[in-house]
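**Q** Here is a sequence together with a model predicted from it:
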Amino acid sequence: MSRRLLAPLILLLASALAPPAAEASTLRVSPVSLDLPTGQNAAILTLFNDDAALLNVQVRVFRWRQVDGKDLLEPTTGVVASPPIAAIAAGAQRTVRVVRLDPKLPEKQEAYRLIVDELPPTVSQPGRQVTLLMRHSIPLFFAATPDKARVTWRLAPSGAVETLSVTNTGGRHLRVSNLRVISGSGQVLAERKGLVGYALPGSTMAWPLDAFPPSTGLHLTADTDIGPLDAPVAGD
């Protein structure tokens, strides 16, 4: 076989043996957080399919707690999503109703996570691109009273990092983003951009930060769901 014929044949074989290209799913969810006022036990979640093909979606509800400074999700039957599984046509949308079944007010704000998963197609289509299945994790809160978050902060060294702990003794969560630890002289010692996490009521949460030299007069600044935060930080 001549070299002129061999080169195109090699390219053809390489193309045939290469794995299919991956494309991102176009499943959208709105809203991206549900913070319900006192006495409201139901909400609507809207799922959007921006793809050119049908999507199958599953919605599960988990009770959300924080234990030993970490998030913990547990199956629950106290809050349900209806329908739990839905098929969404191309370019269409579907609403899911989320209901807390206990009519009594919670003793304190209850926290849940709605896990919205795109399910794989039931039958593989020849030549179809591999789709990266989407997962959305939606915070869901049911208020008990109009109480606020009351938080204290503490820094402690932990190996090669610093651990920032936040204890919330208030009656509702605090959402924290764009966090900075600042020295008494105004130097930024550590920073986490974007969403850092949540401090749930009656819980302690911990987040790692880059290590920094010892300093005095520490305080932190952050954006929260109730406005800018500037608070002192205790150290061990």
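**A** Alright, I've got the coordinates. Numbering: from 1, shown residues only.
**Q** can you count the residues close to residue 174?
**A** The number of residues packed near residue 174 is 22, by other C-beta atoms under 10 Å. (Glycine included, C-beta is placed from N, CA and C.)
**Q** Distance check, it against residue 38.
**A** Residue 174 sits 18 Å away from residue 38 when distances are taken as C-beta to C-beta, to the nearest Å.
**Q** Check residue 77 too.
**A** To residue 38, residue 77 is 23 Å away according to C-beta to C-beta.
**Q** Comparing those two, which residue is more hemmed in?
**A** The residue with more neighbours, out of residue 77 and residue 38, is residue 38; 13 against 8, by other C-beta under 10 Å.
**Q** Surely the more buried one and residue 147 touch.
**A** No: with contact defined as C-beta atoms under 8 Å, residue 38 does not reach residue 147; the gap is 9.7 Å.
**Q** pLDDT at residue 184, what is it?
**A** On pLDDT, residue 184 comes in at 92.
**Q** ok, the one residue sitting closest to the centre of the chain to residue 26 distance?
**A** Geometric centre of the chain, nearest residue: residue 137, 4.7 Å, by C-alpha atoms, centre = their mean. To residue 26, residue 137 is 18 Å away according to C-beta to C-beta.
**Q** Output the lowest mean pLDDT helix or strand found in this protein.
**A** helix 3-17 (a mean of 37; mean pLDDT, DSSP states H and E).
**Q** Can you pull the domain assignment for this structure?
**A** 23-142, 151-235 (automatic domain parsing).
**Q** Look at the shortest one and report the distance between its end residues.
**A** Start to finish, the residues bounding domain 151-235 are 15 Å apart (C-alpha to C-alpha, to the nearest Å).
**Q** Adjust the sequence numbering to begin at 29 for everything that follows.
**A** Sounds good: first residue 29 from here, last item domain 179-263.
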